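Peer 1: Provide a 3D model corresponding to the input given below.
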Amino acid sequence: MTPPNGAQALWQTLAAHGVGTVFGYPGGAIMPVYDALTLFPDIRHILARHEQGAIHAAEGWAKVTGDLGVCLATSGPGATNLVTGLADAMMDSVPLLAITGNVARHLMGTDAFQEADITGITLPITKHNYVVQEADDLPRVVAEAIRIARSGRPGPVLVDIPKDVQLAAFSGEVHGPQAAPEAPAP
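Peer 2: Presented below is the predicted three-dimensional model:
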């Protein structure tokens, strides 16, 4: 099944990578992602009362389960409420994926309502961060973000998805994690 839009491709990619629990707090710029979540009943969403609670819950989840912690937040102040949790995950080497919504691409950099340069803000406290520019890039970017979060010294990675990318038609393919190459025979 090819998802019809970027938001559905995001959930299909997360499911293909074994993500079964996500923490978050909805808001305007991430609503297409929340709307698409209804199509993925096997992924459990735990609603926090605040974005900072969502990221700390995802961090605690990762510490307790040894799995990737995943959280969602909207743009602007919602995204900036993740900063303390991202810094903590970086210092504690916790594999974490933070997904934020943002204003549409044509509004980025215009001081639009609830716009913040979350990738610039979080650059020193994440292993890496992304702004996804095309819906078809979502599976690749999310897979790479998960790999980076889990590899080497684990840590947080942020993926920022403009609202128009979430709603854009998706024509790519979604794949699960690549199998590790087999070691050569001795």
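
Peer 1: which residue is nearest the middle of the chain?
Peer 2: Compute the mean C-alpha point of the chain, and by CA atoms, centre = their mean the closest residue is Ile99, 2.7 Å away.

Peer 1: direction included, what does the strand or helix carrying that one pair against?
Peer 2: Following DSSP states H and E, one finds Ile99 within strand 96-102. Applying DSSP bridges to the sheet, strand 96-102 is found paired with strand 69-73 (parallel), strand 156-162 (parallel).

Peer 1: pick the most buried one from those.
Peer 2: strand 69-73 (a mean of 29; mean count of other CB atoms under 10 Å). C-beta coordinates here come from the backbone N, C-alpha and C atoms, glycine included.

Peer 1: mind listing residues that contact that strand?
Peer 2: 14, 19, 21-27, 30, 33-34, 51, 54-55, 57-62, 79, 81-82, 85, 89, 94-101 (CB atoms under 8 Å, 6 or more residues apart in numbering).

Peer 1: how about 6 Å then?
Peer 2: 19, 22-24, 30, 51, 54-55, 58-59, 61-62, 79, 82, 96-100 (CB atoms under 6 Å, 6 or more residues apart in numbering).

Peer 1: any stretches of this protein with poor pLDDT?
Peer 2: 1-2, 178-186 (pLDDT under 70).

Peer 1: show me the helices in it, by range?
Peer 2: 6-16, 31-37, 51-65, 77-80, 83-92, 118-122, 138-150, 163-167 (DSSP state H).

Peer 1: perfect, that will be all.
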